[in-house]
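S.K.: could you look at this predicted model? Sequence included:
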Amino acid sequence: MEARLLDERREGIAEGEANANIATAKRLFSMGLSVQDIAKATSLPIEQVKALQAEQQP
């Protein structure tokens with residue numbers, strides 16, 4: 001049971017970090033940074049950064 005709780009906690013932390021990286025990427029887009037720079041700064045895959053960029057465009 002304790003191992004299960006530890007696994008769930010790790011998953012929650014990873015999910016929180018991913019959400020923070022996505023929010024950071026969106027802010028960096030608004031600042032005019034390139035896809036490559038945002039991928040480096042957030043450690044997100046370039047494909048995911050490109051998808052976020054597509055979401056940001058009207």
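M.R.: Received it, and whenever you're ready, just let me know what you need.
S.K.: and K26, what pLDDT?
M.R.: pLDDT recorded at K26 is 95.
S.K.: swap in M1?
M.R.: M1 is given a pLDDT of 81.
S.K.: show me the contacts for it.
M.R.: Going by Cβ atoms under 8 Å, 6 or more residues apart in numbering, M1 touches no other residue. For every residue, glycine as well, the C-beta is placed using N, CA and C.
S.K.: what helix or strand is E17 on?
M.R.: For E17, the enclosing helix or strand under DSSP states H and E is helix 2-30.
S.K.: give me the nearest residue to L33, chain neighbours excluded.
M.R.: A41 (7.4 Å; Cβ to Cβ, 6 or more residues apart in numbering).
S.K.: and that neighbour, helix, strand or coil?
M.R.: State at A41, reduced to three classes by DSSP: H, G, I helix; E, B strand; the rest coil: helix.
S.K.: distance of it from L28?
M.R.: 6 Å (Cβ to Cβ, to the nearest Å).
S.K.: give the contact list for I22.
M.R.: T42, L44, L52.
S.K.: report how many residues lie close to the last one.
M.R.: Okay, so that is L52. 19 (other Cβ atoms under 10 Å).
S.K.: please apply the same query to F29.
M.R.: 18.
S.K.: what's the closest non-adjacent residue to it?
M.R.: The nearest residue in space to F29 (Cβ to Cβ, 6+ apart) is Q56, at 5.2 Å.
S.K.: doesn't K26 make contact with that neighbour?
M.R.: Yes: here Q56 reaches K26: they are 6.6 Å apart, a contact under Cβ atoms under 8 Å.
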